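**Student:** Build me a model from this:
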Amino acid sequence: MTSIDKILTKLLVNEGILIDEYHHCQPNKAESSNLKGSAFKSYVDFMRPSLFEKVFLWRRTMEKKIAVISAILEEPQSIQGKFNSIISEFKGIIKGRTGIPFDEHGVSVITIVVIGTVDQINTLTGKLGNLQSVSVKTSITKKSI
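**Tutor:** Numbers count the residues shown, from 1 in each chain. So this is what the prediction gives:
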């Protein structure tokens, strides 16, 4: 189970829904005690993911796309170490990187070209964007490769 699966499972359990190993959704015991007969069956059927949802989620996690991540570091001396450590965590999907320092302005501009799943690209973008004094934007191809 990936970390994303663990997070989703935790969220669903907190909402009163359990997921078994076959990804069937079920209300937890406290919730199911309030539902009887056809109401329980309707609830379970409603919460069970459709084939479309399963295929959509599978395709999203398996298809790879090309993306360009651009980052502006407003205080590059203080944040550069953390920025580079995050980049090194994703070295498997990074295909190229350029950096242009603007020392006279105290700013650095970095572009990173990646090939990965949408989840990988979004995770990298999110981690970089959470750094203080870093602005990040990402462009992702519509076409899968």
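**Student:** domains for this structure, by residue range?
**Tutor:** Per automatic domain parsing, the domain ranges recorded for the chain read 3-49, 63-140.
**Student:** Wait, residue 82 touches residue 131, no?
**Tutor:** Yes: Residue 82 lies in contact with residue 131 (Cβ atoms under 8 Å); the separation is 5.8 Å. Yep, even glycine has a C-beta here, placed from its N, CA and C like the rest.
**Student:** Where does the prediction get shaky in the protein?
**Tutor:** Scanning the chain for pLDDT under 70 picks out 1-61.
**Student:** The lengthiest helix in it - contacts with which helices or strands?
**Tutor:** Among the elements of the chain assigned as helix by DSSP state H, the one spanning the most residues is helix 76-89. Under the contact criterion of 3 or more Cβ pairs under 8 Å, 6 or more residues apart in numbering; DSSP states H and E, helix 76-89 touches strand 64-73, strand 94-102, strand 107-117, helix 118-129.
**Student:** of those, which approaches residue 141 most closely?
**Tutor:** Comparison of the helices and strands packed on helix 76-89 against residue 141 by Cβ to Cβ identifies strand 64-73 as nearest, at 4.8 Å.
**Student:** got the angle between the closest one and helix 76-89?
**Tutor:** Using axes from the mean of the first three to the mean of the last three Cα atoms, to 10 degrees, the interaxial angle of strand 64-73 with respect to helix 76-89 works out to 160 degrees.
**Student:** hmm, who's touching strand 64-73?
**Tutor:** When contacts are defined by Cβ atoms under 8 Å, 6 or more residues apart in numbering, strand 64-73 is touched by residues 79-80, 83, 107-118, 121, 124-125, 128, 133-141, 143-145.
**Student:** I appreciate the help and will end here.
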